[in-house]
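1. show me the folded form of this:
(chains A and B)
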2 protein chains.
Amino acid sequence: MAITVDALPTPSLLLDQGRLDRNIATMRTHLAALGVGFRPHLKTAKSLDVALRAMHGASGPAIVSTLREAAFFAARGVRDLLYGVGITPQKLDEVGAIRSRYGADLAIIVDNLAQAEAVAHWSTTQAHPLPVLIEIDSDGHRSGVRPDDAATLVAIGRALHAGGAILRGVLTHAGGSYALDRPDALAAAADAERDAVVGAAAILRAAGLPCPVVSMGSTPTARFARDLTGVTEVRCGVFMFGDLVQAGIGSCGIADIAISVLTTVIGHQRAKGWIITDAGWMALSRDRGTSKQRVDQFYGVVCDPGGLPIPDLVVVDANQEHGIVAVRPGSAGILPDLPVGTRLRILPNHACATGAPYDAYHVIGEAGTVVARWPRFNGW
Amino acid sequence: MAITVDALPTPSLLLDQGRLDRNIATMRTHLAALGVGFRPHLKTAKSLDVALRAMHGASGPAIVSTLREAAFFAARGVRDLLYGVGITPQKLDEVGAIRSRYGADLAIIVDNLAQAEAVAHWSTTQAHPLPVLIEIDSDGHRSGVRPDDAATLVAIGRALHAGGAILRGVLTHAGGSYALDRPDALAAAADAERDAVVGAAAILRAAGLPCPVVSMGSTPTARFARDLTGVTEVRCGVFMFGDLVQAGIGSCGIADIAISVLTTVIGHQRAKGWIITDAGWMALSRDRGTSKQRVDQFYGVVCDPGGLPIPDLVVVDANQEHGIVAVRPGSAGILPDLPVGTRLRILPNHACATGAPYDAYHVIGEAGTVVARWPRFNGW
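-> Predicted coordinates for the structure are as follows:
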């Protein structure tokens, strides 16, 4: 029997299957045309059902952001995995256990000599060589070795290669691309990301070190890349779902956003023009990434139960379990009459953050009915 | 065998048992001296172990923010429960089921006639009278009937009382107190909260309607209340743990904060004065509540593994799984030498938000050892 969103409890996390599949197909086609491999990031979805749609095959490749994700996907058959947060010495036993228990090729990343020496030491003493990529800082955003710091790059590479680990390559993430919103600037960011990681690979190879993998990626740079010569794979994750931050950047359109939060009207403060709902910041997340963009979407864009945005209606504020829906400040929008019990869908700022408290996606099929429940997980 | 935080994975959520117990004892003593009942809010903890320490007894009373919390605690023996978010007609079957299945006295709240009529209708048709409180808007913060809107109050009261539900009383939450930070202003906010809800009760009683419960509460107003004449119970939750927002308000001191996130140093960007850790905004939450306070604590205050703050060290920025630790901007602090692998504890902005992705508290005893693991839950 076909059920609709009216039968779901609120708040619930909805996933539009058609949009998800189109977003994945679009990115796959784009990257295939550029001649690079594709390693989807599973940190946004944290779901096997989504992973199986996004990956090239059931065994991967994929990248994850926590060892819980690594263990979860390895236990379910994903073999080609990369843990994309700089390793700590304390986590090496768990990395080794996931590799051994599931036969998974789980690689790790480092950006300093202390990490490299710890990994080499562990690899030698455990007689279990761990595959390692060196993280490159392509835009000053976060972690990584500067791509022109040849001395550090080669020192880390030698510590790994000569020390008993497997030097698998270099990787970077152009996190700075999230601050851009012009296609030419985004294309330039992709060029810069490529140049940084390809240059770092050249430094290692010139020093006689192996560097088979040259990995880059963020949703915005993946989307706007034009020439990835020298790159072997691109990583990205949030593109699968899209969100308001990505729409503000230009990586997707509002109509591409596959994820939304179903909520119910619980009351009104008519003198203030407020509609109160049962989706607060716990349901939508505290992420206000669009507050720095050209169009501030507050806590989210309000849609009808079918997923169509209601003009100029946003979640202007949020408490833990209460959302405050109102006309966008400064707009000419008119507050619609939405009685208690009305269902609404909210497009969130940031898909990765919004998922945190939910244990499942309710999957919406092309006819607008609920066609599946896909479990998701969280934590570390 | 006593284990220390060094043996825990990172990020992990830590709960200091001594501080938790002291925070609860302090609030209990304060409210008992004011002659009012105490209904702890379990939305922050979402843990039976914490609830049993906070409640008067194993059967309650308590307030919750989701029906999942209501069902969880009812299934574990809590009988006197209040669901503190305005009810939707769609949730009434679940409310009834929780009441019947567990024999729980689960009450609900309304602030408009449409809700009241839906509850009365359900109560009559199901031959199951639901107990209901009317929400009062004491400070313009969110939901509720204005306390001087006698016509609406009495109309809702009559719709419930004459319509087959149980009119149990009135309730308010002074959410506006979160914007204050002076003891006199907070005490005045508690007075105003009291006056609003006591006045609303008087209106109902003058109309011949029952109003046995007069309920108010927020952590700041509970903490600073001096005279609660006419109030029957106070509700609050975040006081158990405390957090940086509450410390900024003055509801607790930094040294009272019982909750923290354990993290590990994974690298450095020395030219920028950055220490990179494995606790990003997923581990700390996106909540930046202190950004509007006199002292902005960014994404959290950095402490040593024993929980002692390191002077002028804060998490200045965060990505999903990366924290960026640095000296507080504008301060004279000196960046300490914290090698890769160093453990740190971060005091978060907002306890309620930080818990969302975790499935347990690691409980720290007086000797600094890990004495228990208390499960927690999330979602709806």
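2. and A:Ala25, which of the three is it?
-> Three-state call for A:Ala25 (DSSP: H, G, I helix; E, B strand; the rest coil): helix.
3. stretch A:140-150 vs chain B: in contact?
-> Yes - on the criterion Cβ under 8 Å from any Cβ of the partner chain, stretch A:140-150 is in touch with chain B at A:Gly140, A:Arg142, A:Ser143. For every residue, glycine as well, the C-beta is placed using N, CA and C.
4. helices of chain A, start to end?
-> In chain A, the helices defined using DSSP state H lie at A:17-33, A:48-54, A:67-75, A:92-102, A:113-125, A:150-161, A:183-206, A:219-224, A:244-249, A:281-284, A:351-354.
5. out of these, which gets nearest to A:Gly84?
-> In terms of Cβ to Cβ, the element of the helices of chain A nearest to A:Gly84 is helix A:67-75, at 9.8 Å.
6. point out the residues in the stretch 151-300 of chain A that sit beside chain B.
-> Where the stretch 151-300 of chain A comes near chain B, counting by Cβ under 8 Å from any Cβ, the residues are A:175, A:264-269, A:272, A:276, A:278, A:281-283, A:285-288.
7. buried subset of the residues you listed as a ChimeraX selection?
-> Per 16 or more other Cβ atoms under 10 Å in any protein chain shown, the buried members of those correspond to this ChimeraX selection:
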select /A:175,264,265,266,267,268,269,276,278,281,282,283,285,286,287,288
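8. which of the residues of the stretch 151-300 of chain A next to chain B fall in strands?
-> Judged by DSSP state E, these include A:Thr264, A:Val265, A:Ile266, A:Gly267, A:His268, A:Gln269, A:Ile276 as members of strands.
9. isn't the fourth one up against A:Thr342?
-> No - using Cβ atoms under 8 Å, A:Gly267 and A:Thr342 do not qualify as a contacting pair, with a distance of 11.2 Å.
10. out of the helices of chain A, flag the one nearest B:Ser218.
-> helix A:281-284 (16.5 Å).
11. burial count for A:His161?
-> Here the count is done by other Cβ atoms under 10 Å in any protein chain shown, and A:His161 has 21 residues near it.
12. let me fix that, I meant to ask about A:Asp184.
-> 9.
13. if I look at it, what pLDDT would I see?
-> Here the pLDDT value assigned to A:Asp184 is 98.
14. give me the neighbour count for A:Asp181.
-> By the criterion of other Cβ under 10 Å, A:Asp181 has 17 neighbours.
15. tell me the contacts of the closest residue to A:Ser12 other than its chain neighbours?
-> With Cβ to Cβ, 6 or more residues apart in numbering or on different chains as the criterion, A:Ser12 has its nearest non-adjacent residue at 4.5 Å, and that residue is A:Leu262. A:Leu262 makes contacts with A:5, A:8, A:10-14, A:279, A:305, A:343-345, A:362, as judged by Cβ atoms under 8 Å, 6 or more residues apart in numbering or on different chains.
16. could you list the residues in contact with the helix or strand of chain A at the bottom of the mean pLDDT ranking?
-> None of the helices or strands of chain A scores lower by mean pLDDT, DSSP states H and E than strand A:3-4, at a mean of 90. Identification of contacts with strand A:3-4 by Cβ under 8 Å, 6+ apart yields A:Pro305, A:Gly368, A:Thr369, A:Val370.
17. who's in contact with the second one?
-> It stands for A:Gly368. A:Thr4, A:Val5, A:Gly306, A:Gly307 are the contacts of A:Gly368 under Cβ under 8 Å, 6+ apart.
18. swap the cut-off to 7 Å and go again
-> A:Thr4, A:Gly306 (Cβ atoms under 7 Å, 6 or more residues apart in numbering or on different chains).
19. do you know how far it is from chain B?
-> From A:Gly368 across to chain B, the span is 18 Å (Cβ to the nearest Cβ, to the nearest Å).
20. just the pLDDT at that residue, thanks.
-> At A:Gly368, the pLDDT value in this model is 89.
21. so how far is B:Arg146 from the residue sitting furthest away from the middle of chain A?
-> Relative to the centre of chain A, the most outlying C-alpha is that of A:Ala271, 40.1 Å out, by Cα atoms, centre = their mean. Using Cβ to Cβ, to the nearest Å, A:Ala271 is found at 9 Å from B:Arg146.
22. also A:Ser177?
-> With distances taken as Cβ to Cβ, A:Ser177 is found 48 Å from B:Arg146.
23. who has more neighbours, the two?
-> With neighbours defined as other Cβ under 10 Å, A:Ser177 and B:Arg146 compare such that A:Ser177 has more, 28 against 17.
24. quick one, what contacts that one?
-> A:Ser177 touches A:Leu186, A:Ala189, A:Ser218, A:Pro220, A:Thr221, counting by Cβ under 7 Å, 6+ apart.
25. which residue packs closest to it, ignoring adjacent ones?
-> A:Pro220 (4.0 Å).
26. and the one you found, how far from B:Met55?
-> Per Cβ to Cβ, A:Pro220 is found 49 Å from B:Met55.
27. show me which of these two is the more surrounded one.
-> A:Pro220 (31 against 20).
28. was I right about that one contacting A:Leu186?
-> Yes - A:Pro220 is in contact with A:Leu186 according to Cβ atoms under 7 Å; the separation is 5.3 Å.
29. now for the two: what residues contact both?
-> A:Ser177, A:Leu180.
30. how long is stretch A:215-227 from one end to the other?
-> Start and end residues of stretch A:215-227 are separated by 14 Å (Cα to Cα, to the nearest Å).
31. list the contacts of the spatially closest residue to A:Gly237 that is not a sequence neighbour.
-> Spatially, and ignoring its direct neighbours in sequence, A:Gly237 is nearest to A:His41 (2.8 Å; Cβ to Cβ, 6+ apart). Residues in contact with A:His41 (Cβ under 7 Å, 6+ apart) are A:Ile63, A:Arg235, A:Cys236, A:Gly237.
32. mind running it again at 8 Å?
-> By Cβ under 8 Å, 6+ apart, the contact set of A:His41 is A:Ala62, A:Ile63, A:Val64, A:Ser65, A:Gly84, A:Gly217, A:Arg235, A:Cys236, A:Gly237, A:Val238.
33. swap in A:Arg168?
-> Residues near A:Arg168 by Cβ under 8 Å, 6+ apart: A:Ala107, A:Pro131, A:Val132, A:Leu133, A:Pro210, A:Pro212, A:Val213.
34. mind running it again at 10 Å?
-> Shown in contact with A:Arg168 (Cβ atoms under 10 Å, 6 or more residues apart in numbering or on different chains): A:82, A:105, A:107-109, A:130-134, A:160, A:210-213, A:215.
35. one more: A:Gly333?
-> Contacts here follow Cβ under 10 Å, 6+ apart; on that basis A:Gly333 touches A:Gly273, A:Ile310, A:Pro311, A:Asp312, A:Leu313, A:Val314, A:Ala326, A:Val327.
36. so which of those comes closest to A:Glu69?
-> Distance to A:Glu69, by Cβ to Cβ, is smallest for A:Val314 among the contacts of A:Gly333, at 31.9 Å.
37. for B:Ala222, see how far away the nearest residue to that closest one once chain neighbours are set aside is.
-> Nearest in space to A:Val314, with sequence neighbours left out and distances taken as Cβ to Cβ, 6+ apart, is A:Phe298 at 4.5 Å. The spacing between A:Phe298 and B:Ala222, counted by Cβ to Cβ, is 30 Å.
38. between those two, which has more neighbouring residues?
-> B:Ala222 (26 against 23).
39. ok, and the closest non-adjacent residue to that one?
-> Of all residues not flanking B:Ala222 in the chain, B:Cys236 sits nearest, at 4.3 Å (Cβ to Cβ, 6+ apart).
40. returning to that earlier point: out of the residues of stretch A:140-150 next to chain B, which is most surrounded?
-> Most neighbours among the residues of stretch A:140-150 next to chain B, by other Cβ under 10 Å: A:Ser143, with 25 neighbours.
41. got the contact list for it?
-> A:85-86, A:109-112, A:135-137, A:172-173, A:175, B:266-269, B:274, B:276, B:319, B:322, B:324.
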